[in-house]
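Asks: my questions are about this predicted structure, shown below with the sequence.
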Amino acid sequence: MQNTSNLHLPATEKNLWGWINGFIGVVIFSASLPATRVAVQAFDPVFLTFARASIAGVLALCILALLNAKRPGRSQLLSLLIVAIGVVVGFPLLTALALQHVSSAHSIIFLGLLPLCTAAFGVLRAGEHPRPTFWLFSVLGSALVIAFALSQGLTANPKGDVLMLLAVLICGLGYAEGAKLSKTLGGWQVISWALALSLPLMGALAWLSAPASFAGIRPSAWFSLAYISLFSMLIGFFFWYRGLAQGGIAAVSQLQLLQPFFGLALAATFLHETVTLGMFGITGAVVVCVVAAKKFAM
């Protein structure tokens, strides 16, 4: 099945749908960390990572079969492996481990660096040469996040901060590689094939790491597992990659800058976590740096 998201639409309408689909994807992703925070209170983070990937992988395999999706070529397998390492295993596992040490509100601050990491890896993969101003704002944004993490040293666990930084780096790589591959394979096919190819290993590891009993696990934990499996791992990427294809990667990817704000609001609303003005201030400053870095990227 070919990717038809860009076909038979006027340029203006296609661009509008790109922003709409991208926005929906960002909203879906914004609930990932709060939902993971709830889930890790009941499930081991290692099992949680393998379980969510397995559930999403089974659904992705069914979708690929039903839609008779185009199979990836041999030359595309390495890119799919990078996507799988970045967004199927790496980011979910590292964030689940981090959320054992820090609140979801604290961890969401680090998502302000995700667009920058995606852009940086996109630059490396595409061989582009950004202006020096790009790197200036890149370093400034990173410094703001590190300064915030250090300022929370008395109340936050440094281990959680390190894990979140690693999670953002590996996720940025997975996003950039997926965006590059989607130009030839198709947007929704990229995440579906990455999940499907990971399924045998993820399923086996989920089985081996499963707890002896699931008794006593609250409904909120099961709901959170379902959300991060169905939406964060699969459905969100359908909207996200379609938006990138319709509206352009450089333009639509800036919608990621809204993710920390949505995430903080969700954490405060549903988890009753403390969200300070300082968190919003740092997030806003990071957003400004990322917007400026994007502007001077080319």
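Replies: In hand now; what should we look at? Note that this is a predicted model, so its numbers are computed, not measured.

Asks: and the strands in the chain?
Replies: With strands called from DSSP state E, the chain shows none.

Asks: where does pLDDT dip in it?
Replies: Flagging of the chain using pLDDT under 70 yields the residue ranges 1-12, 14, 126-128, 149, 152-156, 248-251, 294, 297-298.

Asks: need the longest helix for it.
Replies: Under DSSP state H, the helix in the chain containing the largest number of residues is helix 158-185.

Asks: and that one, what does it pack onto?
Replies: helix 77-83, helix 91-98, helix 104-108, helix 114-126, helix 132-151, helix 187-209, helix 236-247 (3 or more C-beta pairs under 8 Å, 6 or more residues apart in numbering; DSSP states H and E). Glycine gets a C-beta too; all of them are placed from N, C-alpha and C.

Asks: buried residues in that helix?
Replies: For helix 158-185, the neighbour count (16 or more other C-beta atoms under 10 Å) marks 160-161, 163-182, 185 as buried.

Asks: of all the helices and strands packed on helix 158-185, which one is nearest residue 285?
Replies: Proximity to residue 285 (C-beta to C-beta) singles out helix 132-151 among those, at 5.3 Å.

Asks: so which elements touch that closest one?
Replies: Counting contacts by 3+ C-beta pairs under 8 Å, 6+ apart, helix 132-151 is packed against helix 114-126, helix 158-185, helix 277-295.

Asks: same thing but at 7 Å, please
Replies: Using 3 or more C-beta pairs under 7 Å, 6 or more residues apart in numbering; DSSP states H and E as the contact criterion, the secondary-structure elements in contact with helix 132-151 are helix 114-126, helix 277-295.

Asks: got CSV for those, with mean neighbour count too?
Replies: Written out in CSV, the entries for the helices and strands packed on helix 132-151 read as follows (neighbours: other C-beta atoms under 10 Å):
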stretch, mean neighbour count
helix 114-126, 20
helix 277-295, 18
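
Asks: kind regards, and thank you for your time.
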